[in-house]
Structure formats: C-alpha cells, structure tokens
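Asks: Got a predicted structure here, sequence first:
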Amino acid sequence: MCRVVREEEHLTYDANFQMFSFTRSKVGWYLVSVITSPHEATKALAACQKVLHALARPGGVSLAAVQSAASTLLSRHQEDIRSNRFWVDTLSGTQSPSIPWKTADRLTEFEAVLASVSPEVSVLSVGRIV
C-alpha cells in the first residue's frame with residue numbers, strides 16, 4: 001500500500017497499515033493511516049481503497065509480497081518478544097474464561113502460521129476485511 005500511495009501516486013509522505021487482533025471479541029479490525037496534505041486526503045483515501053480491493057482479487061497478492069510481509073512480521077515479532085509490554089499484552093486474558101479463544105498457543109504457532117501463508121490465503125483473508 002505504501003509503495004502505491006507514496007511512490008506511484010505521490011499522495012503521501014507515509015502510509016501505514018495495522019491489523020488489530022481480537023482479544024475481547026471474535027472480530028478484528030484494521031487501520032490505514034496516511035500523512036498527506038489536506039487537499040490530497042481524498043485522493044489518498046481512494047488510492048488506499050483501490051489497493052485493498054485489488055488485494056482481495058485473485059492474483060492481487062504476489063508470492064514476493066507475501067514473503068516480504070512474512071519476513072517483516074517475523075523480524076518485528078522477534079524484536080517484540082524482548083519487551084515486557086509484549087508479554088503483558090500477549091498473556092493478559094489467556095486464563096480468563098470470558099476470552100476462551102485467547103491462549104498462549106499464539107506464542108508457539110506464530111512462525112508456523114507465517115510459513116503457511118500463501119498468496120491464495122492472503123486473498124481470502126483480505127477479501128473478508130475489505
């Protein structure tokens with residue numbers, strides 16, 4: 001997204017895409033933020049929406065993009081696990097009966113889940129959130 005909105009369309013200084021996990025509910029959400037001038041904001045929003053819709057179509061996610069994203073996420077995860085905040089956020093609620101789907105398994109399965117992601121799986125996932 002950043003490549004398209006910033007480098008191809010020249011609409012932003014920075015574009016950021018964040019997924020938020022579902023701790024208390026069984027749904028998650030995403031946040032797209034861009035830093036741009038006020039007169040480019042509508043165009044930047046349209047460009048972000050265009051990228052998300054393109055990703056939801058078959059062939060919209062390349063193997064190289066999946067591998068690059070997985071590498072970035074793995075690096076970030078390896079850095080995050082060194083912080084106390086990560087451990088508090090990850091483990092809080094794992095023993096609560098009101099959040100039965102939040103377990104410590106996410107710690108041991110993270111790398112396996114990343115390795116299992118393919119362009120086809122990415123398209124299905126993006127299609128559900130767009």
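Replies: Here it is on my side, so go on.

Asks: Least confident secondary structure element in the chain?
Replies: Lowest mean confidence among the helices and strands of the chain (mean pLDDT, DSSP states H and E): helix 119-129, at a mean of 60.

Asks: So for residue 119, what's the nearest residue that isn't a sequence neighbour?
Replies: In space, and not counting its chain neighbours, residue 119 is closest to residue 61: 4.5 Å by Cβ to Cβ, 6 or more residues apart in numbering. Yep, even glycine has a C-beta here, placed from its N, CA and C like the rest.

Asks: For residue 112, see how far away that neighbour is.
Replies: 20 Å (Cβ to Cβ, to the nearest Å).

Asks: which one of these two has more residues nearby?
Replies: residue 61 (23 against 8; other Cβ atoms under 10 Å).

Asks: Can you show me the strands along the chain?
Replies: 14-20, 29-35 (DSSP state E).

Asks: Determine which of those approaches residue 106 most closely.
Replies: strand 14-20 (13.6 Å; Cβ to Cβ).

Asks: Could you pull out the buried residues of the closest one?
Replies: Buried residues in strand 14-20, defined by neighbour count with 16 or more other Cβ atoms under 10 Å: residue 15.

Asks: Stretch 67-81 now?
Replies: Neighbour-count burial for stretch 67-81 [16+ other Cβ under 10 Å]: 70, 73.
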